[in-house]
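*Asks:* from the sequence below, what's the structure:
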Amino acid sequence: MPRKMAFLDYRASVAFGRVASTGDYKLLQLNYKPYEQLCEVFTHGGSGDARWRGKKTSPIDVDMRPLSRVAVDGIVYFFLDQDIDVVGQDVRPKGIASFDLLTEEWRTILQGPVPIQIEEDPADYANLSLTTLYGSLVLVHCILNAKMDLWFLMEFEKGLCVKQHTVHANLSVQHDSRTSLGDTK
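*Replies:* Residues are numbered from 1 along each chain as shown. Just a heads-up that it's a prediction; the model follows:
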């Protein structure tokens, strides 16, 4: 008797990006079911190929969380869905997968691009996300609700990331007596 697929056994991730050379907008969809992975691309634009097309899946599972993927200049980047490397106090993601929206193929895995100094707890690594800034891939590392380090990918082939900015901020919740709910007298 076949096993019924539970809703929680199914994971999906989508990313939307633009291919500058063609002007086409593309939607990349990844679906993970038990024992099955699907990768599909939908094109919206001048190519006239407005339908879902099956593609090869990523050679390694990618992280499906929303802040673990970003489209930058026709490439969709994903953190790998793997543990981290910890060497002394340096922590780095195992890698970043990338999908080229123009060729509709997976590119080489970028291995552990950013060593991150962990000050107290390696779990602090969970505060790492991907975004785009000034047309570049940026890894954002939030540190203990006090600052954010912005690491820019400079050379994909070499895995070279450079910390270009640190933003200091107090991100903790502040108590304001004007908004308190009860009388403290």
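*Asks:* pLDDT weak spots in the protein?
*Replies:* 1-9, 46-49, 82-94, 112-126, 145, 171-185 (pLDDT under 70).
*Asks:* rerun that using 50 as the cut-off
*Replies:* 1-3, 5, 89, 118, 120, 178-185 (pLDDT under 50).
*Asks:* quick one, helices of this protein?
*Replies:* Using DSSP state H, no helices are found in the chain.
*Asks:* OK, contacts around the residue lying closest to Ala12 once chain neighbours are set aside?
*Replies:* Using Cβ to Cβ, 6 or more residues apart in numbering and skipping the chain neighbours, the partner closest in space to Ala12 is Asn31 (5.0 Å). Yep, even glycine has a C-beta here, placed from its N, CA and C like the rest. By Cβ atoms under 8 Å, 6 or more residues apart in numbering, the contact list for Asn31 reads 10-12, 37-40.
*Asks:* so which of the residues you listed belong to strands?
*Replies:* Judged by DSSP state E, the contacts of Asn31 include 11-12, 37-40 as members of strands.
*Asks:* just the buried ones from those?
*Replies:* 39-40 (16 or more other Cβ atoms under 10 Å).
*Asks:* any idea which of the ones in strands among the contacts of Asn31 is closest to Glu105?
*Replies:* Distance to Glu105, by Cβ to Cβ, is smallest for Cys39 among these, at 10.2 Å.
*Asks:* beta partners for the closest one?
*Replies:* For Cys39, the beta-bridge partners under DSSP bridges are Leu30, Lys55.
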